[in-house]
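Trainee: What follows is a protein structure lacking sequence information:
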């Protein structure tokens, strides 16, 4: 085990040597090219890469075989996305957890209120949101803009220099309108981290106020609250939280430099107060600065990592399924700003040192990632390696000897050349879990069980790496071995404040060789703060410091044979549809939509009963005055004239206009004044005006408002009469001119 170094020495240790960044990320990435095969694979399957390249590669893909992507702003607005993770369901059934601002939002998964999540609908292949997004992308294409290798868009300025588009933040006009399915409140405290339990029922939320809340994912109720310190003390923020395999304990670390383990099922509901540590089962001390990330490693108790027989931890060490059995042991890994990574054995007896190993990264730790074992336990090797060995059974191989090394080659294609010593070192790493740490712009890979450093790798990020995630897709034996893109994909994804998303190969052979080959990348206009991959590797989520979340869904390959099989199955299911159960609505309405195939059948069309308006109902009840008031309230002139015409036919117009007070009389008078000069309504409203004058003419002088309305009506009628007289004069003049012209033309014809 590495010797312990005081936190003061670690904090003031000389920085690691890195390249000096002399230019922007545009020039930094100019000399880096994507892997020709893996780059196309990521663009075709996830849509990661330059927009023009992705569009060109996917131009011939069927609509049902294309990737989908969405970009939306969280419910917290421009607050930074501090944490992202998917629930244990994965794919369409897994929910995306977003910790941003004073709440934790859940997108997708079970949505009992709406039935179907807006998040899932937007990611559906061929959805309206996807088509709208593609149209928007087509309209945004600009020939004057330059797109760099990673998809970043740069505009030419007046001095021919390039400036990155979107430095002021993405416009909300280009974002999808997606609301969260559920929001979990943190009581006004900013949520700094969140973690779903493997069964997707509970969520652990760490807050800036130094508390860890255990919430129900469905009901959103807070079940327990654990506090890091006593009431009244200065509470430090919780920066990382993780669940142990048994699902009963939660681990958290924060700005106070301590790592605490709480028992969710025991203790007081408010976290209790025991030994001043907020009721924690135990507190792990040793870091000299804030703890930024926490990870867990589980393994079976009967698998001894230090055995001389070479029996290593198998792939079961990283299975995250909910298991409360006592046959599993736990290791907790914590990274801190004091440049160190500590591995804790929480199963150690009381009084023993729980710190297993200490590793010094050389820079403040920003993110940790656990690489699961590359070979399944008891399998005797991976499926891809077994298939490769089977292909070598029928061809001769060539062995070369030089010095103390033997190398084996395929003489037909020249492949091979791996030394036995390097292959043996890589084989030793196949059965153990490895740890990746990110600090500054550097990645380091460790053996967490003995604290040994396996390699230091420069990522060529221009700014600090903030997040890591692992894409691990098993080998598909249905594909050809010779196609390199179809081999098992075990890649590390890194995101940094420079907006770069970089993808590196993480095979054990590359780690032993001391390199992490760069495969592909993409640049976005906002700094990346969080990355997450669903458990089935179908969805990649990217969070930014401006509150924007991007989700890329991997395409689902549907062959023609599979599509035909699905179509035939659907036809069979339609033919053999079950008879509805007696007493149900389906049984009552059965056959309602059946089509007739006999030309002699008589079809009776069932017409739905038309719903009457309120004034029609009142007319049927002979409440003429109320009917007129109801239609005037609708403010629809055609409907008012129709009711007035119907009242005239029923000889009930006088009844409807009688016995009105000042307020009800104001409505009919205002309507008459406004539309009496309209040729379509004049004939009806003249009769209404005569009746109003006959009924209320004798009441002149009793109401100033009514007198004013009658004055406006008189003025409106006088103006209209003046207009009519003027038109009649014009019409007479026109008739005189026309008659004179006819007489003159007749005289001219007689003279001829």
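Mentor: Done, it's in. Computed from a predicted model, the values in this text were never measured in an experiment. Numbering: from 1, shown residues only.

Trainee: In three-state terms, label residue 640 for me.
Mentor: Per DSSP: H, G, I helix; E, B strand; the rest coil, the local secondary structure of residue 640 is helix.

Trainee: Neighbours of the closest residue to it other than its chain neighbours, how many?
Mentor: The shortest distance from residue 640 to any non-neighbouring residue, by CB to CB, 6 or more residues apart in numbering, is to residue 631 (5.2 Å). Bear in mind the C-beta positions are built from the backbone N, C-alpha and C, glycine included. Residue 631 has 25 neighbours, counted by other CB atoms under 10 Å.

Trainee: Look at residue 631 and report its pLDDT.
Mentor: pLDDT, the model's per-residue confidence, is 92 for residue 631.

Trainee: what's residue 106 in contact with, if anything?
Mentor: Contacts for residue 106 (CB atoms under 8 Å, 6 or more residues apart in numbering) come out as 95-98, 180-184, 217.

Trainee: Run through the stretch 351-500 of the chain and note the low-pLDDT ranges.
Mentor: Applying pLDDT under 70 to the stretch 351-500 of the chain picks out residues 375-394, 402-406, 412-424, 426, 475-488.

Trainee: Quick one: the helices in it, in order.
Mentor: Using DSSP state H, counting those that start in this stretch, the helices of the stretch 351-500 of the chain run over 383-391, 420-428.

Trainee: In strands, which of the contacts of residue 106 fall?
Mentor: 96-98, 182-184 (DSSP state E).

Trainee: in its sheet, what does the host helix or strand of residue 501 sit against?
Mentor: Residue 501 is part of strand 500-505, with elements assigned from DSSP states H and E. Using DSSP bridges, strand 500-505 pairs in its sheet with strand 489-496 (antiparallel), strand 518-523 (antiparallel).

Trainee: in the stretch 201-350 of the chain, what spans have low per-residue confidence?
Mentor: Looking at the stretch 201-350 of the chain by pLDDT under 70, you get 230-234, 266-278, 301-327.

Trainee: Next up, the contacts around residue 175.
Mentor: 71-73, 548.

Trainee: Now tabulate those in JSON lines and tack on pLDDT and neighbour count.
Mentor: Putting the contacts of residue 175 into JSON lines (pLDDT from 0 to 100; neighbours: other CB atoms under 10 Å) gives the following:
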{"residue": "71", "pLDDT": "89", "neighbour count": "19"}
{"residue": "72", "pLDDT": "90", "neighbour count": "21"}
{"residue": "73", "pLDDT": "90", "neighbour count": "21"}
{"residue": "548", "pLDDT": "92", "neighbour count": "22"}
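
Trainee: just curious, which of those is nearest to residue 722?
Mentor: residue 73 (61.5 Å; CB to CB).

Trainee: Bridged to that closest one, which residues?
Mentor: residue 548.

Trainee: got a list of what it touches?
Mentor: 172, 175, 547-549.

Trainee: who's in contact with residue 716?
Mentor: Residue 716 touches 673, 676-677, counting by CB under 8 Å, 6+ apart.

Trainee: what's the answer for residue 615, then?
Mentor: Per CB under 8 Å, 6+ apart, neighbours of residue 615: 627-628, 630-631, 634, 639, 643.

Trainee: Now flag whichever of the contacts of residue 73 is closest to residue 294.
Mentor: residue 549 (22.8 Å).

Trainee: what about the closest one, how many neighbours?
Mentor: Residue 549 - counted by other CB under 10 Å - has 26 other residues nearby.

Trainee: Nearest spatial neighbour of it, chain-adjacent residues omitted?
Mentor: residue 543 (5.4 Å).

Trainee: Which elements pack onto the helix or strand containing residue 54?
Mentor: Under the criterion DSSP H and E, the helix or strand holding residue 54 is helix 51-57. Applying 3 or more CB pairs under 8 Å, 6 or more residues apart in numbering; DSSP states H and E, one finds that helix 51-57 contacts helix 38-45.

Trainee: Which elements pack onto the helix it packs on?
Mentor: Against helix 38-45 (3+ CB pairs under 8 Å, 6+ apart) you get helix 51-57, strand 518-523.

Trainee: Contacts for that helix, please.
Mentor: With CB under 8 Å, 6+ apart, helix 38-45 has contacts from 48-49, 53-54, 57-58, 61, 67, 484-485, 489, 503, 519-520, 554-555.

Trainee: need the longest helix for this structure.
Mentor: Secondary structure assigned by DSSP state H gives helix 704-751 as the longest helix of the chain.

Trainee: for the helices and strands packed on helix 38-45, which one ends up most surrounded?
Mentor: Among the helices and strands packed on helix 38-45, strand 518-523 has the highest mean neighbour count (mean count of other CB atoms under 10 Å), at a mean of 23.

Trainee: Now the element after that one, going C-ward?
Mentor: Taking DSSP H and E, what comes next after strand 518-523 is strand 528-533.

Trainee: Return the list of helices and strands in contact with that following strand.
Mentor: strand 81-86, strand 465-473, strand 489-496, strand 500-505, strand 539-544.
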